[in-house]
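Colleague: build the 3D model from these lines:
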Amino acid sequence: MQHKDSLNHIRETFLKWTVVIVALLGGFFPAGCDRGQQSHPPPSVPEVATVTVQPQRVVLTTELPGRTSAFRIAEIRPQVNGLIQKRLFTEGSDVKAGQVLYQIDPDLFQAALDNAKAALSMAEASLTAIRLRAERYREALADKAVSQQNYDDAAAALKQAEADIQYRKATVKTANINLRYTRVIAPISGRIGKSSVTDGALVTAYQPMALTTIQQLDPIYVDVPQSTTELLSLKRRLKDGRLNNDGTNQDKVKLILEDGTAYPAEGTLQFSDVTVDPTTGSVNLRVVFPNSENILLPGMFVRAVIKEGINEKAILIPQQGASRDHKGNPIALIVNAESKVGLRMLTLDRTIGNKWLVSAGLAPGDRVIVEGLKRLRPGTDVKAVPFKESGKTPANAAQPTAELK
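Modeller: Predicted coordinates:
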């Protein structure tokens, strides 16, 4: 009897679960016979932002590192021996050309000058008597009153006296120059440095150690090395016609200081060296900058912005419009006339601001995709809208998968 009750309980439980499973399956497939008649909505066309390539006139520049150097440098050395009596300048001040810097003891040189002048006076005094004697001998020789030898001796004595006067004059001039050299003067105007000697120091003429140094800082030089590779590339672009050198302010150079600020005045490219430095493979460019406020000091590192030329048909695209393929080659996606995505291989020249200068791969009128690049493939149908730098990204757009920097 108990066994029969257990079988009935199991049968009832099985029936209940069977009803539940059937009900659940019926919920999942309420209209299985009509499933094949339903259709999914067509997928939405992705929206992308594009820029249309338009050639434009661009002034190309090159930013090169450089170092400032003084326009003129004068190392001050004594030209006579003696003791320094007085230093007549303030270290670190501005001096003018002709200003007295040091006074060397002049007593010995004054005495030498006086001695030379006295010897000159003696020679000039004896010259008169010798000249008169020579004239009398010449007259007497005509009357046969003196011999030819006596006249020749008198004429030779006259020439010797005249030569001695010339020698005495040169001695006076030399003594006068040496006396003047006791006043050590500034040969140029500029900023003077520290003095290497003090009052009472003994100095010698043309000694190796300079007494002080004067540097002219206004104007000032900026020496900029340019690699021969860049120089040859520039010449090739000019020859191929990709750059136009019209000469308008072509030699003007801008300067960026060490702290990143722009120098207020423009410089002038003075010359380009013709000798290549074998250690660096570069040639030196020298630029002259005004420096009335002494902002630039010798030895400062700066960056010079040098004009290369003008590209009349430059193609610029935003940097986010260029990416790289799996080989690292720069590429861009465009929207063609059928509103499909196309792929272009690019040749990039340089960055100008936040844009790439494209030298090959794009043509005027191409629509380059700059937003909405995610999961795009060549041949994909897209809807192109104009790109607005200050606008918002389309709702279904995303950032590029790889951005060139």
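Colleague: so what strands line up beside the top strand by length along the chain?
Modeller: Secondary structure of the chain per DSSP state E: the longest strand is strand 56-76. Strands that pair with strand 56-76, judged by DSSP bridges, come out as strand 212-227 (antiparallel), strand 301-318 (antiparallel).
Colleague: what mean pLDDT does it get?
Modeller: Regarding strand 56-76, the rounded mean pLDDT is 90.
Colleague: could the strands paired with strand 56-76 go into a markdown table alongside distance to residue 85 and mean neighbour count?
Modeller: In this view, the C-beta of every residue, glycine as well, is placed from N, C-alpha and C. Shown next, in a markdown table, are the strands paired with strand 56-76 (distance: least, C-beta to C-beta, whole Å; neighbours: other C-beta atoms under 10 Å):
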| stretch | distance to residue 85 | mean neighbour count |
| --- | --- | --- |
| strand 212-227 | 16 | 20 |
| strand 301-318 | 42 | 18 |
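Colleague: ok, of those, where does mean pLDDT dip lowest?
Modeller: Among the strands paired with strand 56-76, strand 301-318 has the lowest mean pLDDT, at a mean of 87.
Colleague: can you show me the CA trace of it as CSV?
Modeller: Extracted in CSV, the C-alpha atoms of strand 301-318 (Å, rounded to 0.1, in the frame of the first residue of the first chain):
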residue,chain,number,x,y,z
PHE,A,301,71.4,79.0,-25.5
VAL,A,302,68.5,80.2,-27.8
ARG,A,303,66.4,78.8,-30.6
ALA,A,304,66.5,80.6,-33.9
VAL,A,305,63.5,80.5,-36.3
ILE,A,306,64.9,80.7,-39.8
LYS,A,307,62.8,81.2,-42.9
GLU,A,308,63.3,78.5,-45.6
GLY,A,309,60.9,79.7,-48.2
ILE,A,310,57.3,79.8,-49.3
ASN,A,311,55.2,76.8,-50.3
GLU,A,312,52.5,78.3,-52.6
LYS,A,313,50.4,75.0,-52.7
ALA,A,314,50.9,73.5,-49.3
ILE,A,315,48.4,70.8,-48.1
LEU,A,316,47.7,70.9,-44.3
ILE,A,317,45.5,68.5,-42.4
PRO,A,318,44.8,68.2,-38.7
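Colleague: from the middle of its chain, how far away would the helix or strand following that strand be?
Modeller: Sequence-wise, the next helix or strand downstream of strand 301-318 (DSSP states H and E) is strand 323-324. Here the centre of strand 323-324 is set off from its chain's centre by 31 Å, with C-alpha atoms, centre = their mean, to the nearest Å.
Colleague: other SSEs contacting strand 323-324?
Modeller: strand 330-335 (3 or more C-beta pairs under 8 Å, 6 or more residues apart in numbering; DSSP states H and E).
Colleague: which other helices and strands does the strand it packs on contact?
Modeller: Checking 3+ C-beta pairs under 8 Å, 6+ apart, strand 330-335 ends up next to strand 47-52, strand 323-324, strand 341-345, strand 367-371.
Colleague: quick one: closest of the ones you listed to residue 181.
Modeller: Taking C-beta to C-beta, strand 323-324 is the member of the helices and strands packed on strand 330-335 nearest to residue 181, at 71.2 Å.
Colleague: so what are the sheet partners of the closest one and their directions?
Modeller: With DSSP bridges as the test, strand 323-324 pairs up with strand 330-335 (antiparallel).
Colleague: name the residues that touch the partner strand?
Modeller: 48, 50, 317, 321-325, 341-348, 361-362, 366-369, 373, 376, 378, 382, 384, 404 (C-beta atoms under 8 Å, 6 or more residues apart in numbering).
Colleague: only alpha carbons, please: show it as PDB.
Modeller: What follows is strand 330-335, C-alpha atoms only, in PDB (Å, rounded to 0.1, in the frame of the first residue of the first chain):
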ATOM      1  CA  PRO A 330      51.400  57.200 -42.200                       C
ATOM      2  CA  ILE A 331      48.000  56.800 -43.600                       C
ATOM      3  CA  ALA A 332      44.700  58.800 -43.900                       C
ATOM      4  CA  LEU A 333      41.100  57.700 -44.400                       C
ATOM      5  CA  ILE A 334      39.100  59.800 -46.800                       C
ATOM      6  CA  VAL A 335      35.400  59.800 -48.000                       C
END
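Colleague: what average pLDDT does that strand get?
Modeller: pLDDT averaged over strand 330-335 gives 91.
Colleague: just checking, what packs against the following helix or strand past the longest strand of the chain?
Modeller: Downstream of strand 56-76, the first helix or strand assigned by DSSP H and E is strand 82-87. Here strand 82-87 touches strand 100-104, strand 202-203, going by 3+ C-beta pairs under 8 Å, 6+ apart.
Colleague: quick one, which of the contacts of strand 330-335 are buried?
Modeller: Neighbour counting with 16 or more other C-beta atoms under 10 Å marks 48, 50, 317, 321-323, 341-342, 344, 346, 348, 361-362, 366-369, 373, 376, 382, 384, 404 as buried within the contacts of strand 330-335.
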